[in-house]
Every structure is written in C-alpha cells, then in structure tokens.
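A.B. asks: structure for the following, please:
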Amino acid sequence: MSADRLLVAVFASPVSEVLLRWGAELGFRTVLVEPRGAPEGTADVTVRSFGDLDDELAAGTADVVVTDHHREELGEVLRDALVRPARWIGVMGNPRHEGPHVAALSALGVPPGEITRVHRPIGLDIGSREPAEIALSTLAGLLADRNGRPGGFAHG
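C.D. replies: The predicted model follows:
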C-alpha cells in the first residue's frame, strides 16, 4: 500500500465518516475539511480550510471528495480547492441535474474551464444509495485510478 495519495473528505457527513475510516485502511492519508470545525468525537485530522493543507496539497496527489452539495459553503470550499494543486476533485450528487456547485462557482467568478475540473457524479455506478455504499463506490473508483485502471469510473 502506498500512502502517497491524500484523501480529503469535505464536510462532516455520514459519507465522509466512512470515506475517512476506509480510506485510511486502503492506504490513503486522510483529512476532513470542515469549515465549522471538528465534529464532536472526531479523532481524525480535521481542518477548517484548504489553506490549512497547503503543505500537504503541494505534491499534487490529493483526491478531494465533497460529501454534501447542499452546504452554503460549497462554492467557497470548491473555489479554494480549485486554486490548489489537487489531483482530482469530485462532488456527490444526482447526475440527472446540474450540480449546485456550477452556480455557486459561477457566482464567485470561477471560469467555466475551472468549473469543469469538478467531477460529478463521483464513484463507480453501482446504484449506491446509503452512505457506506457511496463511500465504497467512491473509494473503488479512486483505487482503480491510483492503480492505473479505468475501473468503470465516470469521468467528467
């Protein structure tokens, strides 16, 4: 297992809890970005912003997974991720509708070419509905990518 990849889960949620736990078991270094601060009982590394991760992100090996597309901080957090050398950025959400991140980033003046760097949907298409299934789907896609395999990962 290689710990050269950093898995950044954004926003405390049931999905991020599973991503962090299983991601660490799969060899990722893990961190939670939560602008509201560390949730009670969180033992893992939690930071408030991407600015707190500049040294970690400098290597360009970070996979960023936004686990709640309804948060008011969505645009600001994604904008901050996009200006850093994150290797991959994805947002959970229904692929049948335009993600709210598009409007949020546009309102902040983020150029359309940068907005298209945000992947949505994320993970393998296994019909995930529950937090553990969504985390499994996401991690399977990231593992396939880490191992140089397509794995059925949806790009775009």
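A.B. asks: what about the most centrally placed residue in the chain, which SS state?
C.D. replies: Nearest residue to the geometric centre of the chain (Cα atoms, centre = their mean): Val65, 0.9 Å. Recorded secondary structure, Val65: strand (DSSP: H, G, I helix; E, B strand; the rest coil).
A.B. asks: that one and Leu6 touch, don't they?
C.D. replies: No - using Cβ atoms under 8 Å, Val65 is not in contact with Leu6; the gap is 11.2 Å. Placement of C-beta: from N, CA and C, glycine included.
A.B. asks: overlap of the contact sets of those two?
C.D. replies: When contacts are counted by Cβ atoms under 8 Å, 6 or more residues apart in numbering, the set common to Val65 and Leu6 is empty.
A.B. asks: picking up where we left off before, so who does the residue nearest to the centre of the chain touch?
C.D. replies: Neighbour list for Val65: 7-10, 16, 19, 90, 92, 122, 138 [criterion: Cβ under 8 Å, 6+ apart].
A.B. asks: name the SS class of Ala103, please.
C.D. replies: Applying three-state DSSP: Ala103 is helix.
A.B. asks: and it, how many neighbours?
C.D. replies: Per other Cβ atoms under 10 Å, the neighbour tally for Ala103 reads 13.
A.B. asks: what of Thr67?
C.D. replies: Thr67: 25 neighbours (other Cβ under 10 Å).
A.B. asks: what's the answer for the one 3 residues further on, then?
C.D. replies: Here the number of neighbours of His70 (other Cβ under 10 Å) works out to 8.
A.B. asks: which of the residues in the helix or strand containing Gly113 are classified as buried?
C.D. replies: Using DSSP states H and E, Gly113 maps to helix 112-115. With burial defined by 16 or more other Cβ atoms under 10 Å, the residues of helix 112-115 counted as buried are Ile115.
A.B. asks: give me the mean pLDDT for that helix.
C.D. replies: Mean pLDDT, helix 112-115: 94.
A.B. asks: with only the CA atoms kept, save that helix in PDB.
C.D. replies: Output of helix 112-115 as PDB, limited to C-alpha atoms (Å, rounded to 0.1, in the frame of the first residue of the first chain):
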ATOM      1  CA  PRO A 112     -16.100  27.700 -16.800                       C
ATOM      2  CA  GLY A 113     -12.900  25.800 -17.600                       C
ATOM      3  CA  GLU A 114     -12.000  25.500 -14.000                       C
ATOM      4  CA  ILE A 115     -15.600  24.500 -13.000                       C
END
